[in-house]
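Participant: Below is the sequence, then the predicted model.
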Amino acid sequence: LPPLADYHQVDLEGLQVAESATFGGEHLCRQVLDKLQLGDCLKGCGMTAKQVDKARIAIAARALFSASEHKTAQLLARNSSLKELYHYDQSISHKALYAISDQLYGHRKAIDRFLYRRFTDMFDLQDKIVIFDISNTYFETRKSSSALAKYGRSKEKRNDCPLVVFTAVINSQGFIKHSRIYEGNKADVKTIEEMVEGLEANTQQGDTKKTVVMDAGMASEENLRFIRSKGYHYVCVSRHRIKDYEVSTTQTLTQLTDRGKGQVKLHLFHPDGYQDTWMYVQSEEKRKKEQSMQHKLHERLIEDFSAIQESLSKKGGTKRIEKVWERIGRVKEKHRNVSGQYAIEVEGEQGKATHITWSKKTPSKVKEDKEQGVYFLRTSYEKTNEKELWGIYNTIREVESTFRCLKSELNIRPVHHQKDERIEAHIYLTILAYQLVNTIRYMLKEKGIRYGWNNIVTIMSTQTIQTIEVHTDKKNIHLRKPARPIKEVQQI
């Protein structure tokens, strides 16, 4: 027996478990925030020790709970061990969470620079490719007094709600190098110069020039010239198609696969009138998706045309020619994405329509290309090949993953705040939470664990911490112990 063993007689009936709280996810976030040395950065920004702890609690809470400040304050008080892990014994109200978010936003430039250098050092990132992209989040209220919330083109088709736009410069591993918030009616093409300025401000002297990857929304001719003038290369989706470009049977097409294992056919060429290199892309997956979408759209349009035709033979149906044309006009507007591809004729007698016919027009080359899954990439690289260019372009999938995490897993939308400065702080806190989440996922990917964040949180929540109250013949003992982690928690 151990020489210092202390034995008591225990009242098994009086054994109690109290003050249970979630522990696994909180402990994970604390470990990674410590690795990132974020506390040192915040102290360097002039924040007190209490403010630093509160800031780290707020970032971890946003990553774990993705809830409003009111709900987060309740979870910190009743359910979570986050405050306990940071030895923070004061209550944290929703107003305190507002205040700490505002402070973090005020130090955003220093925090962004510090974090990105830590990512580069921790993971030995080469950082040769960056992705520019833009997204938006919507409000459920009118926000008529806001200078930020404006009606614009919503990525989620929420044109009934005011928006706020946020941009990000992201590296190929998904880490955000620079971000900025704009008015909701800011066009994609208008943000590029400030994104390049942000990229340069967060690039250390002596770093190699980056290759900028972006989607078609930003790739105007003016923006491409600007990027080249700054000494950067670019790879982007073309905003328009080469109408008279044909792939002949004598040309050799490079065949590769996309991330979904679908076949893609590629061919580099140099079109007349352009100084850069273009690549023809024909994607089997894109072809299937486009044709499926087009089939549904055409099917719905024809159903509505058929309903107008049937009403001509029904009692009480619309028969006057001018009224029939009005109905056809409304149907064409409703299905405007495909209605222009049809020619429509109305036959009539004595001012009444007797028959309607419609026929599909011969599609244009551009339309035919789109339905066949054809699009074009452009690059400023003069010496490249299909495989290399396709590999560079596919880093844009990290952007899709980034914004999907921000929107669906960290609930950056909708925004319920009323003040513009609070809106900016809300979005920035969510971006900091994303940086924490991406660090965790990147570390796990390096070990072959590819869980999504929601799955990680679910697994880690199986480990709790609780107080065990033991009544003995000598004294009452209170033991604060975390539960034994399950296998998956140990792996993470």
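Facilitator: Yep, that arrived. Keep in mind that what you see is a predicted model, and the values were worked out from it rather than measured.
Participant: Which strands and helices lie in contact with the helix or strand harbouring Glu285?
Facilitator: Following DSSP states H and E, one finds Glu285 within helix 284-311. Applying 3 or more CB pairs under 8 Å, 6 or more residues apart in numbering; DSSP states H and E, we find helix 284-311 packed against helix 321-334, helix 336-339, strand 352-360, helix 365-371. No exception for glycine: its C-beta is placed from N, CA and C like everyone else's.
Participant: repeat that for 6 Å
Facilitator: The contact analysis (3 or more CB pairs under 6 Å, 6 or more residues apart in numbering; DSSP states H and E) places helix 284-311 against helix 336-339, helix 365-371.
Participant: Can you list the buried residues in that helix?
Facilitator: Buried positions in helix 284-311, judged by neighbour count with 16 or more other CB atoms under 10 Å: 284-287, 290, 294, 298, 301, 304-305, 308-309, 311.
Participant: for stretch 383-393, same thing?
Facilitator: Those buried within stretch 383-393 under the rule 16+ other CB under 10 Å are Thr384, Glu386, Leu389, Trp390, Ile392, Tyr393.
Participant: Just the ones in helices from those residues, please.
Facilitator: Among those, the ones falling in helices (DSSP state H) are Glu386, Leu389, Trp390, Ile392, Tyr393.
Participant: export those residues to JSON lines and tack on distance to Lys481 and pLDDT?
Facilitator: Converted to JSON lines, these look like this (distance: CB to CB, whole Å; pLDDT from 0 to 100):
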{"residue": "Glu386", "distance to Lys481": "58", "pLDDT": "90"}
{"residue": "Leu389", "distance to Lys481": "56", "pLDDT": "91"}
{"residue": "Trp390", "distance to Lys481": "53", "pLDDT": "90"}
{"residue": "Ile392", "distance to Lys481": "51", "pLDDT": "89"}
{"residue": "Tyr393", "distance to Lys481": "51", "pLDDT": "88"}
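Participant: Of those, which is the nearest to Val164?
Facilitator: Tyr393 (28.6 Å; CB to CB).
Participant: what's the nearest residue to that closest one if we skip its chain neighbours?
Facilitator: Excluding the flanking residues, the one nearest Tyr393 by CB to CB, 6 or more residues apart in numbering is Val235, at 5.3 Å.
Participant: Can you check my assumption that the one you found lies in a helix?
Facilitator: No - Val235 is assigned strand when assessed by DSSP: H, G, I helix; E, B strand; the rest coil, not a helix.
Participant: where in the stretch 251-400 of the chain is pLDDT low?
Facilitator: Scanning the stretch 251-400 of the chain for pLDDT under 70 picks out the ranges 251-252, 258-260, 365-366, 398-399.
Participant: Give me the below-cutoff pLDDT ranges for the stretch 101-250 of the chain.
Facilitator: Applying pLDDT under 70 to the stretch 101-250 of the chain flags the ranges 139-144, 149, 153-159, 188, 202-208, 244, 246-250.
Participant: how close does the most centrally placed residue in the chain sit to Ile131?
Facilitator: Centre of the chain computed as the mean C-alpha position; nearest residue by CA atoms, centre = their mean is Phe403, 0.6 Å away. According to CB to CB, to the nearest Å, Phe403 and Ile131 sit 11 Å apart.
Participant: can you check Ser101 too?
Facilitator: Counting by CB to CB - Ser101 and Ile131 are separated by 26 Å.
Participant: Also His233?
Facilitator: Shown here: His233 relative to Ile131, a distance of 13 Å by CB to CB.
Participant: Neighbour count for the two, which is higher?
Facilitator: Neighbours per residue (other CB atoms under 10 Å) separate His233 from Ile131, with Ile131 holding more: 26 against 20.
Participant: From the chain's centroid, how far away is the helix or strand where that one lies?
Facilitator: Assessed by DSSP H and E, Ile131 sits inside strand 129-138. Distance of strand 129-138 from the chain centroid (CA atoms, centre = their mean, to the nearest Å) equals 8 Å.
Participant: what's the answer for stretch 450-469, then?
Facilitator: Its chain's C-alpha centre and that of stretch 450-469 lie 24 Å apart, by CA atoms, centre = their mean.
Participant: Pull out the buried positions in it.
Facilitator: Neighbour counts over stretch 450-469 (16+ other CB under 10 Å) mark Tyr451, Trp453, Ile456, Val457, Ile459, Met460, Gln463, Thr464, Ile465, Gln466 as buried.
Participant: For the stretch 101-250 of the chain, just list every one of the helices.
Facilitator: Counting by DSSP state H, counting those that start in this stretch, the stretch 101-250 of the chain has these helices, from start to end: 108-123, 192-201, 221-229.
Participant: Let's have those helices in TSV, adding distance to Trp278.
Facilitator: Shown next, in TSV, are the helices of the stretch 101-250 of the chain (distance: least, CB to CB, whole Å):
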stretch	distance to Trp278
helix 108-123	33
helix 192-201	20
helix 221-229	12
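Participant: Those helices: which one's closest to His8?
Facilitator: Going by CB to CB, the one of these nearest His8 is helix 108-123, 46.9 Å.
Participant: chain center to that closest one: distance?
Facilitator: In terms of CA atoms, centre = their mean, the centre of helix 108-123 is set 20 Å apart from its chain centre.
Participant: can I get the CA coordinates of it in PDB?
Facilitator: Coordinates of each C-alpha in helix 108-123 appear next as PDB, following Å, rounded to 0.1, in the frame of the first residue of the first chain:
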ATOM      1  CA  ARG A 108      -8.000  44.500 -34.700                       C
ATOM      2  CA  LYS A 109      -5.000  45.600 -36.800                       C
ATOM      3  CA  ALA A 110      -2.500  44.600 -34.200                       C
ATOM      4  CA  ILE A 111      -4.300  41.300 -33.400                       C
ATOM      5  CA  ASP A 112      -4.600  40.400 -37.100                       C
ATOM      6  CA  ARG A 113      -0.900  40.900 -37.700                       C
ATOM      7  CA  PHE A 114       0.100  39.000 -34.500                       C
ATOM      8  CA  LEU A 115      -2.100  36.000 -35.200                       C
ATOM      9  CA  TYR A 116      -1.100  35.700 -38.800                       C
ATOM     10  CA  ARG A 117       2.600  35.700 -37.900                       C
ATOM     11  CA  ARG A 118       1.800  33.000 -35.200                       C
ATOM     12  CA  PHE A 119       0.100  30.800 -37.800                       C
ATOM     13  CA  THR A 120       3.000  31.200 -40.200                       C
ATOM     14  CA  ASP A 121       5.500  30.300 -37.500                       C
ATOM     15  CA  MET A 122       3.600  27.500 -35.900                       C
ATOM     16  CA  PHE A 123       2.800  25.700 -39.100                       C
END
